[in-house]
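**Q** I would like to see how this sequence folds:
(one chain, ligands or ions: 2)
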Amino acid sequence: MPVHNTATMPTKIPVKGKPTCTTCPSFLTGRVQQDNLGTTIGSPVCGRKMLPLVAPRQSKDAASRALEHTASNCKWHNEIVRLDPLRATDAPNLSVGMDTNKAEQTLEDVTSRPDCLSCGNYVSAAKVQQEYGWTSPLCRATGSIMLEGRLERYAEKCGSYAARQPHHPIPSNALGSFTLLPAFSDTFGKVNEASAYKQLLDNYVDPKDWPTERPVTAKFAEAGIRAWRKIVDPDGYGEDVYLPIFDGSIFPENERALIPQATDSEAPHLYADHGGIIYTMAVLWMKLDDTPAAWGQGGVGKTELARHLAWLMQIPFHRIVINSASEIDDIGGKMLFKNNQTVPHYGRLARAWKSIGLCLLDEPNTGPADI
Ligand code: SF4
Ligand code: SF4
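**A** Ligands and ions are numbered 1, 2, ... in the order given. Below is the predicted model:
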């Protein structure tokens, strides 16, 4: 646990981005646990709350959701703390779960001094590691990981747990009825796709009415941008990106007819972005000035993604379908002799490229070699 001189430091460490325990001074990595507690449980611990923060075998995504959830509900996030000296010797209650059979356990007469190693609630470090990955023993009665080397202290404190401690002469090591706290599950905090989709429909706002999420400067207003829409990094790691929303009245009538609307039979507003692809597209366009390419089996939603993006930005959607009969003159263009001179005649792709809009080149790999 880093010990800070609070007299000379600010009480909070300023950190950019979403709050997460990993940026907090109370976040104890294995090495810091070893230095300050004399042992490690095999996963990070909050030194302030004495709380295991993630399960060793939790997926990276679930672990970061758990760390963000804990930090965003924590009033001590990023506060400079001093390790309570008691913690260095005490028997902290490192809760990780509960015994679902607790209510059925019978209270045995505890006449002798409790002893973890001969207690039916004691689960050895080897068994805990095999089942969950933590490298310390666990008490089923309290649902806590116990620091190795302090078992006597846990047993001493155990008097207060008398109502839930069936002491048996032979440790059973059973974890059958033991259930981990939800924060340690692999699905913790995962968005339920059905409810996310319903939320999307409930919160549906037409882009024409979307209020700008950052000021529209005179330069962009002149280019036809009415508002900016914030696209948040779904994984919480990157920076937010802004997509422009155009004022439809800047387009000539024939182009305006190509702007996808919620009333269209394709229903572009109903696209559900399960994979955070809109953020990827927005980064490619707005940050990297790159042209995205999407690959996938027919029906996975590549075209609908493009249509939805055009709907979000309220720009014309040009879909150019390539097949074996496509001609380069039609797609790219050709030279024409007009008014006594040779002039370029732009094809559909070149015309779409030159104007404001979203141009989808569908299945270019199926066209003739020159395309
Ligand atoms: S639980 Fe709170 S105090 Fe502990 S590491 Fe997380 S943010 Fe920091
Ligand atoms: S803390 Fe008490 S109930 Fe838990 S293993 Fe030790 S003696 Fe048993």
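**Q** what about the helices in the stretch 201-350 of the chain?
**A** Along the stretch 201-350 of the chain, the stretches classed as helices by DSSP state H, counting those that start in this stretch are 218-222, 253-256, 277-282, 302-313, 328-331, 348-354.
**Q** What backbone torsions are found at S64?
**A** Backbone geometry at S64, expressed as degrees, to the nearest 10, gives phi -70, psi -30.
**Q** still on that earlier bit, do you know which of the helices of the stretch 201-350 of the chain lies nearest ligand 1?
**A** With C-beta to the nearest ligand atom as the measure, helix 277-282 is the member of those nearest ligand 1 (25.7 Å). Yep, even glycine has a C-beta here, placed from its N, CA and C like the rest.
**Q** Output the contacting helices and strands for the closest one.
**A** Here helix 277-282 touches strand 225-231, strand 241-246, helix 302-313, going by 3 or more C-beta pairs under 8 Å, 6 or more residues apart in numbering; DSSP states H and E.
**Q** Can you tell me what sits against the first one?
**A** Same thing as strand 225-231. With C-beta atoms under 8 Å, 6 or more residues apart in numbering as the contact definition, strand 225-231 has outside contacts at 207, 210-214, 216, 240-247, 278-279, 282, 312-314.
**Q** can you rerun that using 6 Å?
**A** 210, 212-214, 216, 240-245, 247, 278-279, 282 (C-beta atoms under 6 Å, 6 or more residues apart in numbering).
**Q** domains in this protein, as residue ranges please.
**A** By the assignment in automatic domain parsing, the chain contains the domains 21-184, 193-366.
**Q** Tell me which of these is the most buried.
**A** Mean neighbour count (mean count of other C-beta atoms under 10 Å) peaks for domain 21-184 among the domains of the chain, with a mean of 17.
**Q** Flag the helix or strand of this structure with the lowest per-element mean pLDDT.
**A** Sorting the helices and strands of the chain by mean pLDDT, DSSP states H and E puts helix 193-202 at the bottom, at a mean of 71.
**Q** Convert the C-alpha atoms of that one to CSV, please.
**A** The C-alpha coordinates for helix 193-202 follow below in CSV (Å, rounded to 0.1, in the frame of the first residue of the first chain):
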residue,chain,number,x,y,z
GLU,A,193,-28.8,-6.9,-25.5
ALA,A,194,-32.6,-7.2,-25.5
SER,A,195,-33.0,-4.5,-22.9
ALA,A,196,-30.4,-2.3,-24.6
TYR,A,197,-32.4,-2.6,-27.8
LYS,A,198,-35.6,-1.7,-26.0
GLN,A,199,-33.8,1.3,-24.4
LEU,A,200,-32.7,2.3,-27.9
LEU,A,201,-36.2,2.3,-29.1
ASP,A,202,-37.5,4.1,-26.0
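**Q** Where does pLDDT dip in the stretch 101-250 of the chain?
**A** By pLDDT under 70, the low-scoring segments of the stretch 101-250 of the chain are 101-114, 159-174, 191-193, 195-196, 235-238.
**Q** Tell me which residue in it sits closest to ligand 1.
**A** The nearest approach of the stretch 101-250 of the chain to ligand 1 comes at A183, 10.8 Å away (C-beta to the nearest ligand atom).
**Q** Tell me who's in contact with the residue lying closest to that residue once chain neighbours are set aside.
**A** Nearest residue to A183, sequence neighbours excluded (C-beta to C-beta, 6 or more residues apart in numbering): A66, at 4.7 Å. Contact analysis of A66 by C-beta under 6 Å, 6+ apart lists 54, 183, 188.
**Q** Span of stretch 273-283 from start to end?
**A** Terminal residues of stretch 273-283 are spaced 15 Å apart (C-alpha to C-alpha, to the nearest Å).
**Q** Can you give the distance of that stretch from its chain's centre?
**A** With C-alpha atoms, centre = their mean, to the nearest Å as the basis, stretch 273-283 stands 13 Å off its chain's centre.
**Q** what's the average pLDDT for it?
**A** Averaged across stretch 273-283, the pLDDT comes to 88.
**Q** So what touches it?
**A** For stretch 273-283, the external contacting residues (C-beta under 6 Å, 6+ apart) are 231, 233-234, 241, 243, 292.
**Q** Ok, stretch 353-368 next?
**A** Applying C-beta under 6 Å, 6+ apart, the contact partners of stretch 353-368 are 306, 309-310, 315-323, 326, 352.
**Q** related to what we said a few turns ago, kindly reformat the helices of the stretch 201-350 of the chain as TSV containing distance to L360.
**A** Formatted as TSV, the helices of the stretch 201-350 of the chain follow (distance: least, C-beta to C-beta, whole Å):
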stretch	distance to L360
helix 218-222	24
helix 253-256	15
helix 277-282	12
helix 302-313	4
helix 328-331	13
helix 348-354	9
